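no FASTA, just this:
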């Protein structure tokens, strides 16, 4: 069964940190561009950070640049999103997605039909 599974979400206070994981089963992430997206209640889904398959070039949404870091662990077939200095406006359901035929910047900024999506993990930033 080919799937992506996110984990690592939770409740954290403003200024805190979380690390999200996106693990693939049934296929290798090596040749896939991976993206993290989020959707808050009543808002459109938005691309947060993406990493390109060919050269691991990264893209970040402006509001998370300097606070979030995307990385890939090929041995674990997992992509991580380290989120530091979290703010209440980061509250959302976070999803990871994978696609073989796009770059990170395109994946994060243009609404595409992507190959695989995870089920999402809730991140809540609140005091």
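Ah, there it is. None of these values were measured; they are calculated from a predicted model. Numbering: from 1, shown residues only.

Centre of the chain to stretch 9-20, how far?
14 Å (C-alpha atoms, centre = their mean, to the nearest Å).

And that stretch, what's buried?
By neighbour count on 16 or more other C-beta atoms under 10 Å, the buried set for stretch 9-20 is 9, 12, 18, 20. No exception for glycine: its C-beta is placed from N, CA and C like everyone else's.

quick one, what contacts the second one?
With contacts defined as C-beta atoms under 8 Å, 6 or more residues apart in numbering, residue 12 is in contact with 18, 86, 123-125.

in stretch 117-125, what's buried?
By neighbour count on 16+ other C-beta under 10 Å, the buried set for stretch 117-125 is 117-118, 120-121, 123, 125.

Quickly name whichever of the residues you listed is closest to residue 77.
Checking those against residue 77 by C-beta to C-beta gives residue 118 as the nearest, at 13.4 Å.

What sits closest to the closest one if chain neighbours are left out?
residue 4 (3.8 Å; C-beta to C-beta, 6 or more residues apart in numbering).

partner residues bridging that neighbour?
Following DSSP bridges, residue 4 is listed with bridge partners residue 24.

just the strands in the chain please.
3-7, 10-12, 18-25, 33-39, 46-51, 58-60, 68-73, 78-83, 92-99, 116-117, 121-125 (DSSP state E).

Tell me which of those sits nearest to residue 105.
Smallest distance to residue 105 across the strands of the chain (C-beta to C-beta): 4.5 Å, for strand 58-60.

Could you check how far the closest one is from the centre of its chain?
Relative to the centre of its chain, strand 58-60 is centred 10 Å away, using C-alpha atoms, centre = their mean.

so who does the residue nearest to residue 118 touch?
By C-beta under 8 Å, 6+ apart, residue 4 lies in contact with 22-24, 96-98, 116-118.
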